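> from the sequence below, what's the structure:
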Amino acid sequence: MPSYDLCPEVTIAQITQQIVQAVICAAGRVDGGLVLSGHSAGGHLVARMLAPGMLPNAVMHRVQRVVPISPVADLRPLLQTAMNAQFGMNAAQAAAESPVLQQAPKLPVTVWVGAEERPVFLDQARWLVEAWQTDLGQTDLGHVISAGQHHFNVIEDMVYPQSALTQAFFA
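Modelled structure (predicted):
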């Protein structure tokens, strides 16, 4: 599980590049296929890994599935919030780092979100699914709204091998 520097010490684009390097490093340590997942900002970052040219081809070809959990998929609304003082984004940067605006991946993706999350997280997950379904008709795209789950417990089922969330990594 990689960590990364935080804004305002670095930009979101720099964080994205830190995760690129983390995925490359992880890929160098294991053989076979890769499954990428992240929660909240991490969901944003794993979705960004699917942008064309983001990962080297040798690594990207090993990615078998991606599970963004409660992802922040469109950064443009953040421009209107007080949080942008920390992020320091302009409109072009927000658009460049928004997975909803990147080409849909050609591999299985399951976007997961808790049904009891704040509406903005439900919206962000739906926006990502809608954008990627529209772009070139991505058909291997799941959207799970997990009953009874909220932003802080939606990942808890990962500790149970038979949970639907854990199984999403292997579907």
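
> SS state for S37?
Secondary structure assignment for S37 (DSSP: H, G, I helix; E, B strand; the rest coil): strand.

> what about the spatially closest residue to it that is not a sequence neighbour, helix or strand, and which?
The shortest distance from S37 to any non-neighbouring residue, by Cβ to Cβ, 6 or more residues apart in numbering, is to V67 (4.2 Å). All C-beta spots, glycine's among them, are computed from the backbone N, C-alpha and C. Secondary-structure assignment from DSSP states H and E places V67 in strand 63-69.

> and that strand, which residues are buried?
Buried residues in strand 63-69, counted by 16 or more other Cβ atoms under 10 Å: 63, 65-69.

> can you list contacts of stretch 143-161?
Applying Cβ atoms under 8 Å, 6 or more residues apart in numbering, the set of residues contacting stretch 143-161 from outside is 39-40, 69-70, 110-118, 121-122, 125-126, 129, 163-166, 168.

> switch the cut-off to 6 Å
For stretch 143-161, contacts defined as Cβ atoms under 6 Å, 6 or more residues apart in numbering pick out 39, 69-70, 111-117, 129, 163, 165-166.

> quick one: residues contacting R48.
Neighbouring residues of R48 by Cβ under 6 Å, 6+ apart: 16, 99.

> try it again at 8 Å.
Shown in contact with R48 (Cβ under 8 Å, 6+ apart): 16, 19, 54, 97, 99, 102.

> in these, find the pair that's most separated.
Greatest spatial distance among the contacts of R48 (Cβ to Cβ): I19 and Q102, at 14.6 Å.

> picking that back up, for the strand holding V67, name the packing helices and strands.
Packing contacts for strand 63-69, counted by 3 or more Cβ pairs under 8 Å, 6 or more residues apart in numbering; DSSP states H and E, involve strand 34-39, helix 41-48, strand 109-114, helix 164-168.

> just checking, K106 is part of a helix?
No: under three-state DSSP, K106 sits outside any helix and is assigned coil.

> near it, how many other residues are there?
By the measure other Cβ atoms under 10 Å, the count of residues near K106 is 12.
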